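>>> Need the 3D shape of this:
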Amino acid sequence: MLLSKWILKIIGWKVTITTPDYAKCLICVAPHTSNWDFILGELAYSSVGRKAGFLMKEAWFFWPLGYFFKAIGGIPVPKKRGSSLTEDIVKRFGASSRLVLAITPEGTRKGTAKWRHGFLYIAKDAGIPLLLGAIDYKNKTIEITTEFKPTDNIEADMRAIKDFYSKYNAKYPEKFITDYE
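Below is the predicted model of the structure:
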């Protein structure tokens, strides 16, 4: 915790996390245009004494990185995705007494207006809080200050979430698309 705080302070980043330390929750993190987002996010959450697992492309889980990522809470996401991943994560929440997962709605570091909807279904179906975490490179801030309650209207929810994130600045702004399709 102290090391994470110290590293962030040295490199000039400020962290604001005001949401409760829930035993179970999902953290939606955006923008996601660089591998640095993962490092900064892990440092930020750790700096307040919290731990979160994460979903990551299974291609990153090769030896020896795979052991490291699993040890720090990584869950590999298969290349072929579908509702089964969402269902699997909901089941994990149901079977766990404590599970916090960070998910990037873009699902890629490349620019895309087509954000994944699975995180909304996971939060709703698992009955867990959905927190909105933002990394702002221009202002060197990382925050988790907002809780979002998914509704039965996924399209409206996605519009509201993209509107929320539209004020933040990605490392590579040209890759961060909050326009709605």
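>>> alpha carbons only for contacts and neighbour counts from here, please
Noted.
>>> Could you check how many residues crowd around Lys9?
As a burial measure, Lys9 scores 12 neighbours (other C-alpha atoms under 10 Å).
>>> Look up how far Trp36 lies from it.
16 Å (C-alpha to C-alpha, to the nearest Å).
>>> Likewise for Trp115?
The value you get for Trp115 to Trp36, if C-alpha to C-alpha is used, is 20 Å.
>>> Same check on Ser166?
19 Å.
>>> Between those two, which has more neighbouring residues?
Ser166 (16 against 11).
>>> And the more buried one, its phi and psi?
phi -60, psi -20 (degrees, to the nearest 10).
>>> looking at this, Phe56 is in a strand?
One correction, residue 56 is Met, not Phe. Yes. Assessed by DSSP: H, G, I helix; E, B strand; the rest coil, Met56 belongs to a strand.
>>> Quick check: it touching Gly74?
Yes. Met56 lies in contact with Gly74 (C-alpha atoms under 8 Å); the separation is 6.6 Å.
>>> State the helix or strand in which Ala44 lies.
Counting by DSSP states H and E, the element that carries Ala44 is helix 36-47.
>>> What helix or strand is Glu155 located in?
helix 154-165.
>>> try Lys124
helix 118-126.
>>> now that helix: mean pLDDT?
Averaged over helix 118-126, pLDDT sits at 96.
>>> ok, the nearest residue to Arg50 once chain neighbours are set aside - how many residues close by?
Among residues not flanking Arg50 along the chain, Asp21 sits closest, at 7.5 Å (C-alpha to C-alpha, 6 or more residues apart in numbering). Asp21 sits with 13 neighbouring residues when counted by other C-alpha under 10 Å.
>>> Quick check: the gap between Ser4 and Phe38.
Counting by C-alpha to C-alpha - Ser4 and Phe38 are separated by 13 Å.
>>> do the same with Tyr180
25 Å.
>>> Those two: which is more packed in?
Phe38 (18 against 12).
>>> residues making contact with stretch 10-29?
8, 44, 48, 50, 93, 97-105, 119, 123, 128-135, 140-147 (C-alpha atoms under 8 Å, 6 or more residues apart in numbering).
>>> For that stretch, buried residues please.
For stretch 10-29, burial by neighbour count (16 or more other C-alpha atoms under 10 Å) applies to 13, 15, 17, 24-29.
>>> Only alpha carbons, please: show whichever helix or strand Val90 is part of as PDB.
Element membership for Val90, per DSSP H and E: helix 83-95. Taking C-alpha atoms only, helix 83-95 is exported to PDB below (Å, rounded to 0.1, in the frame of the first residue of the first chain):
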ATOM      1  CA  SER A  83     -22.700 -15.300 -22.900                       C
ATOM      2  CA  SER A  84     -20.900 -18.100 -21.100                       C
ATOM      3  CA  LEU A  85     -18.200 -15.800 -19.900                       C
ATOM      4  CA  THR A  86     -20.800 -13.500 -18.400                       C
ATOM      5  CA  GLU A  87     -22.600 -16.500 -16.800                       C
ATOM      6  CA  ASP A  88     -19.300 -17.800 -15.500                       C
ATOM      7  CA  ILE A  89     -18.400 -14.500 -13.800                       C
ATOM      8  CA  VAL A  90     -21.900 -14.300 -12.300                       C
ATOM      9  CA  LYS A  91     -21.400 -17.800 -10.900                       C
ATOM     10  CA  ARG A  92     -18.000 -16.800  -9.500                       C
ATOM     11  CA  PHE A  93     -19.700 -13.900  -7.700                       C
ATOM     12  CA  GLY A  94     -22.300 -16.200  -6.300                       C
ATOM     13  CA  ALA A  95     -19.700 -18.700  -5.000                       C
END
